[in-house]
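Novice: Provided below are the primary sequence and the corresponding predicted coordinates.
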Amino acid sequence: MKIYFDENMPFAKEFFSELCHLNNGIDGEEQGELVPFSGRTLTAAQVADADVLLVRSITQVNEQLLHLNDKISFVGSATIGTDHIDLNYLAKRNITFHSAPGCNAISVAEYVLSALVVLAERYLLTLSSLTVGIVGGGNTGTRLSEKLTALGIEHKICDPLLERKQAEKQKQDKSHNPTDQRHYVPLGDVLACDVISLHVPKVVGGEHPTNKLINAENLALLREDQILISACRGDVIDNHALLALKTAGHGVKIVLDVWQGEPDVLEALIPYTEIATAHIAGYSLEGKARGSEMLYQALCQQLAITPKYQLANFLPSASIPAIEINQDFNQILLNQLVKMVYDVRRDDAIFRQQLFVQGFDSLRKNYPVRREFSAVTVNLSSTTYSDVPHRLGFNKN
Ligand SMILES: NC(=O)c1ccc[n+]([C@@H]2O[C@H](COP(=O)([O-])OP(=O)(O)OC[C@H]3O[C@@H](n4cnc5c(N)ncnc54)[C@H](O)[C@@H]3O)[C@@H](O)[C@H]2O)c1
Ligand SMILES: O=C(O)[C@H](O)[C@H](O)COP(=O)(O)O
């Protein structure tokens, strides 16, 4: 079986080497091979003999890529977003598709938290007095909501699709205790919060499109003291409208991890951002590697074999694996804890200094190792101290 994988998938060799040498492969023939490729430049000729194709978000998987291949039976994307995949085409050809829902949701939530901690320090903000509006209550929005709850930060969620699902379930079974008990609000309520954080997929058309969801019209409603964060897809904010707002002198503080037209970036917008990064919010080692693990599990299932490996087999220990805390929790401690694991200013500095030297894709390919809070065990020296660090995701002994 020939397995082609994006070179930017951590532990792909560890997970997939044995699978491609199995005799009971998908078509049960030939020598196995595990072949890395560069995601942006992959061609139809390169993957003409692939049985399995494992991509990340920068590879468009469609008829143009697969028309020379008549044997492929499995495509996986080690990512949350699927807007780069032509799902109808794969279904038409009976090609199984798996993505990795939620794989890097914690990483995105920790990126947003790091951005909030940095901005709170820069502008002397008390985080617990802010309201946060989350657009999109799926995996990343939910992980963020959990961390905000741990910190006692008031927040609202706008997700008309989940809101409808919740209402339908309640209608079906009035006596049943609903699993989703969240209260959803309209977009307008979220846009009035002190912090607005976007967590929607790219959706063009339909009832709830997200393409340019944040456009000139609703940007004009923003207050000068708000913070707008996007770590979902670049097309969700009209970048030109945002630039027009900022060049007109509007004070809204912007945190952008994603950009319209990636790998190109609207250069003029960069100086107006508080934090600017190269689509790396989901790039914790755990986040990326969970994507590899989830595709491994899906492929094992397709091959009807029991998975032999887990991510825990391969993850190294963190550079600071454990710490002890000698005081009760407060914002200063939050600041220290978050920045010890992930200080988003590092990625912001790399972006500003290296974007036009290395290029967007190279910044992403050569992303330095970043761990999630869970890689660090936090010991509290007194049982009277608050367990907020553990509720934020730090490991507990
Ligand atoms: N920057 C990064 O590194 C990074 C990392 C992970 C995911 N992402 C992007 O973020 C997106 C969200 O990730 P996720 O894991 O939360 O996805 P998800 O599918 O779990 O959740 C997305 C949620 O958005 C909701 N939604 C859809 N249209 C909406 C609309 N018009 N208004 C409000 N809500 C709407 C959906 O109902 C869903 O609940 C992904 O699709 C991906 O494009 C970016
Ligand atoms: O959709 C996702 O999971 C994220 O946007 C992810 O960070 C994409 O990373 P890439 O596949 O571009 O390496």
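Specialist: Here it is on my side, so go on. Ligands and ions are numbered 1, 2, ... in the order given.
Novice: and for the residue of the chain found nearest ligand 1, the neighbour number?
Specialist: Using C-beta to the nearest ligand atom, Gly138 is the residue of the chain that sits closest to ligand 1, at 1.7 Å. The C-beta positions use only the backbone N, C-alpha and C, and glycine is treated the same way. Neighbour count for Gly138, taken as other C-beta atoms under 10 Å: 20.
Novice: with Gly234 instead?
Specialist: 19.
Novice: next: His279.
Specialist: His279 is flanked by 24 other residues according to other C-beta under 10 Å.
Novice: now do the contacts for it.
Specialist: Counting by C-beta atoms under 8 Å, 6 or more residues apart in numbering, His279 makes contact with 234, 257-259, 262, 360, 364.
Novice: who wins for most neighbours among those residues?
Specialist: Most surrounded of the contacts of His279: other C-beta under 10 Å gives Asp257, at 27 neighbours.
Novice: just list the residues touching it, thanks.
Specialist: 111, 230-231, 277-281.
Novice: one more time with 7 Å, if that's ok
Specialist: Going by C-beta atoms under 7 Å, 6 or more residues apart in numbering, Asp257 touches 111, 230-231, 277, 279-281.
Novice: now Val61
Specialist: So Val61 contacts 55, 75, 84-86 (C-beta under 7 Å, 6+ apart).
Novice: and the helices in the stretch 1-150 of the chain?
Specialist: Using DSSP state H, counting those that start in this stretch, the helices assigned to the stretch 1-150 of the chain run over residues 12-20, 63-66, 87-92, 105-122, 139-150.
Novice: redo those helices as JSON lines? Include mean neighbour count and distance to ligand 2.
Specialist: Formatted as JSON lines, those follow (neighbours: other C-beta atoms under 10 Å; distance: least, C-beta to the nearest ligand atom, whole Å):
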{"stretch": "helix 12-20", "mean neighbour count": "19", "distance to ligand 2": "13"}
{"stretch": "helix 63-66", "mean neighbour count": "17", "distance to ligand 2": "15"}
{"stretch": "helix 87-92", "mean neighbour count": "14", "distance to ligand 2": "15"}
{"stretch": "helix 105-122", "mean neighbour count": "23", "distance to ligand 2": "8"}
{"stretch": "helix 139-150", "mean neighbour count": "22", "distance to ligand 2": "9"}
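Novice: can you check the pLDDT for the residue nearest to Glu274 when sequence neighbours are not counted?
Specialist: Distance criterion C-beta to C-beta, 6 or more residues apart in numbering; nearest residue to Glu274, sequence neighbours excluded, is Lys253 at 4.7 Å. Note for Lys253: predicted pLDDT of 98.
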